[in-house]
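*Asks:* A predicted structure for the sequence below; I have some questions about it.
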Amino acid sequence: MKIKIFKRRKPTDIEYMLASLAKKYGSLNSLQQRVQISKCESPEQMADYIIWRNLSQGAEFQDTVVVRDSDIFEVMTPKRMELLEHLMKNDAASIRTLAAALHRNYKNTYDDLRALSRYDLVDLDPHGRSLRPAASARSIEIVLDD
């Protein structure tokens, strides 16, 4: 059994990716010339070119993470699923506002967010003196196979 988690990348992650590609290749045009000259002899350069071109044009970037750890089912309780679904549909300014929106106490909400963050399903970004929770997963797909 495997669980596929489709995650969105934050704007800061995308900026970092673009900066890394610029450091590695210089410019998008120089990478494009390398790809055209090598005629796809380097699949890594071709993939980097496609990613760079699309990200620089404002495309969204998504990762697919496959989890084969059955312990995730211990983490995915009904309350945590409710919390994750709420975050996938709504923004939360802080853990306190999220707890209030879900009619839950702060400590249980915080503990559930920490558990979900261990599997990269939730991001807890510092915002002033508090943490701003956000769902990093767009969707979760459970695949039962041999």
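*Replies:* Done, it's in. Numbering: from 1, shown residues only.
*Asks:* where are the low-confidence patches of the protein?
*Replies:* By pLDDT under 70, the weakly predicted segments of the chain are 1-3, 39-41, 65-70, 142-146.
*Asks:* mind listing the helices for it?
*Replies:* All helices of the chain, identified by DSSP state H, fall at 11-25, 28-38, 43-56, 72-75, 78-89, 95-102, 106-118.
*Asks:* Distance check, the residue in the chain sticking out farthest from the centre against Leu31.
*Replies:* Using CA atoms, centre = their mean, the residue of the chain lying farthest from its centre is Ile37. It sits 34.0 Å away. For Ile37, the distance to Leu31 equals 11 Å [CB to CB, to the nearest Å]. Quick note: C-beta positions are derived from backbone N, CA and C, even for glycine.
*Asks:* Can you pull the domain assignment for this structure?
*Replies:* 2-65, 69-137 (automatic domain parsing).
*Asks:* Point out the most buried one among those.
*Replies:* Comparing these by mean neighbour count (mean count of other CB atoms under 10 Å), domain 69-137 comes out on top with a mean of 16.
*Asks:* In CSV, list the helices of the chain along with distance to Ser139.
*Replies:* As requested, these are exported to CSV (distance: least, CB to CB, whole Å):
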stretch, distance to Ser139
helix 11-25, 18
helix 28-38, 31
helix 43-56, 21
helix 72-75, 15
helix 78-89, 8
helix 95-102, 20
helix 106-118, 15
